[in-house]
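Trainee: Take this sequence and fold it.
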Amino acid sequence: MIEQNVEIATEDGLMPAFTVHPENGETFPGVILYMDASGIREELRELSRRIAKQGYFCLLPDLYYRLGSIRFDPDRRDENRDEAMRRVVSAARFSIDNARTMRDTEGMLAWLDGNERVRPGPKGCIGYCMSGQSIVSAAGTFPEHFAACASLYGLLIVTDEADSPHLLADRIKGELYLGFAETDHQVPENVIPDLTAALDKNGVPYSLDVYPGTHHGFCFPERSLYNEDAAEKVWEKVFDMFGRCLGSQAVS
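Mentor: Numbers count the residues shown, from 1 in each chain. Next up, the predicted model:
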């Protein structure tokens, strides 16, 4: 794998990002991995490498760049965080909104389109937790670019706000994969029925799974709630969608 740390020009400044892709001289479909609330860390770089090994050019942006270089201790999260740290993480998380992230996405798409190792054509994206809103927003804001979008236990996909991502369903042209935990107190009960109603009404191709016995965060190997069986099933579903919609295949 070839890895690089790069800077991407956005309307709000230079955004650091991590990229990884196979070593051979081919071009590869672009995939954006939107970070979760815990921000950039080795765990997300490992997920990026796993995507790249399937034959993709993976871009992992630091969406907290407007706040400076924000790095949270990966050993102090969830049940290991004290109240003060929870407030800091929450403040960082809510510094991001759909408008800012879509401006960043516009910059990322331009950067990918200008990279000689990225194959021209449809792109994919994947995100977890807080980036669920980014996945659906990107699919609806840039329908000509995103052909395959995956959200895992995504938050704020359905809200009462005017910029609720599910309201963009009438613009989505690509395919969506939506995976949820069986027990997730951060996802209100109305989200899945309201989201599926919007997608069905507008004929959006999608699949949705609720994984039995799982909790929010079940896809992350370094978390106490990691569920390997469910997480591997998620990868199978995501890579199947990427393969059908974007092409490419695993590389040695």
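
Trainee: Please make it C-alpha for all contacts and neighbour counts, starting now.
Mentor: Fine.

Trainee: Residue ranges in the protein under the pLDDT threshold?
Mentor: Across the chain, the ranges flagged by pLDDT under 70 are 68, 70-86, 88-95, 248-252.

Trainee: can you rerun that using 80?
Mentor: By pLDDT under 80, the low-scoring segments of the chain are 25, 67-96, 248-252.

Trainee: Would you tell me which helix is longest in it?
Mentor: Across the chain, the helix with the greatest residue count (assigned by DSSP state H) is helix 228-246.

Trainee: just checking, what packs against it?
Mentor: Judged by 3 or more Cα pairs under 8 Å, 6 or more residues apart in numbering; DSSP states H and E, the packing partners of helix 228-246 are strand 123-128, strand 146-152, strand 175-183.

Trainee: which parts of stretch 13-29 are buried?
Mentor: Buried residues in stretch 13-29, counted by 16 or more other Cα atoms under 10 Å: 15, 16, 17, 18, 19, 20, 21, 22, 27, 28, 29.

Trainee: Restricted to helices, list those.
Mentor: Using DSSP H, no member of these falls in helices.

Trainee: got a markdown table for those, with distance to residue 105 too?
Mentor: Putting the buried residues of stretch 13-29 into a markdown table (distance: Cα to Cα, whole Å) gives the following:
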| residue | distance to residue 105 |
| --- | --- |
| 15 | 11 |
| 16 | 13 |
| 17 | 12 |
| 18 | 15 |
| 19 | 15 |
| 20 | 18 |
| 21 | 19 |
| 22 | 23 |
| 27 | 21 |
| 28 | 19 |
| 29 | 16 |
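
Trainee: and of those residues, the nearest to residue 211?
Mentor: Nearest to residue 211 out of those is residue 29 (Cα to Cα; 28.4 Å).

Trainee: Run through the residues that contact the closest one.
Mentor: 55-57, 118-124, 246-248 (Cα atoms under 8 Å, 6 or more residues apart in numbering).

Trainee: Between these, identify the one with the most neighbours.
Mentor: Tallying neighbours with other Cα atoms under 10 Å puts residue 56 at the head of the contacts of residue 29, with 32 neighbours.

Trainee: wait, it sits on residue 21?
Mentor: Yes: Residue 56 is within contact range of residue 21, at 6.0 Å (criterion: Cα atoms under 8 Å).

Trainee: returning to that earlier point: most neighbours per residue, which of the helices and strands packed on helix 228-246?
Mentor: strand 146-152 (a mean of 27; mean count of other Cα atoms under 10 Å).

Trainee: Counting by contacts, list what that one packs against.
Mentor: Right, strand 146-152 is packed against strand 123-128, helix 132-141, strand 175-183, helix 228-246 by 3+ Cα pairs under 8 Å, 6+ apart.

Trainee: and of those, who's closest to residue 198?
Mentor: Proximity to residue 198 (Cα to Cα) singles out helix 132-141 among the helices and strands packed on strand 146-152, at 11.8 Å.

Trainee: could you say what helices and strands the closest one packs with?
Mentor: For helix 132-141, the packing partners by 3+ Cα pairs under 8 Å, 6+ apart come out as helix 98-113, strand 123-128, strand 146-152.

Trainee: how does it look with 10 Å?
Mentor: Secondary-structure packing of helix 132-141 (3 or more Cα pairs under 10 Å, 6 or more residues apart in numbering; DSSP states H and E): strand 30-34, helix 98-113, strand 123-128, strand 146-152, strand 175-183.

Trainee: Can you lay out the helices and strands packed on helix 228-246 as CSV showing distance to residue 165?
Mentor: Conversion of those to CSV gives the following (distance: least, Cα to Cα, whole Å):
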stretch, distance to residue 165
strand 123-128, 14
strand 146-152, 12
strand 175-183, 13
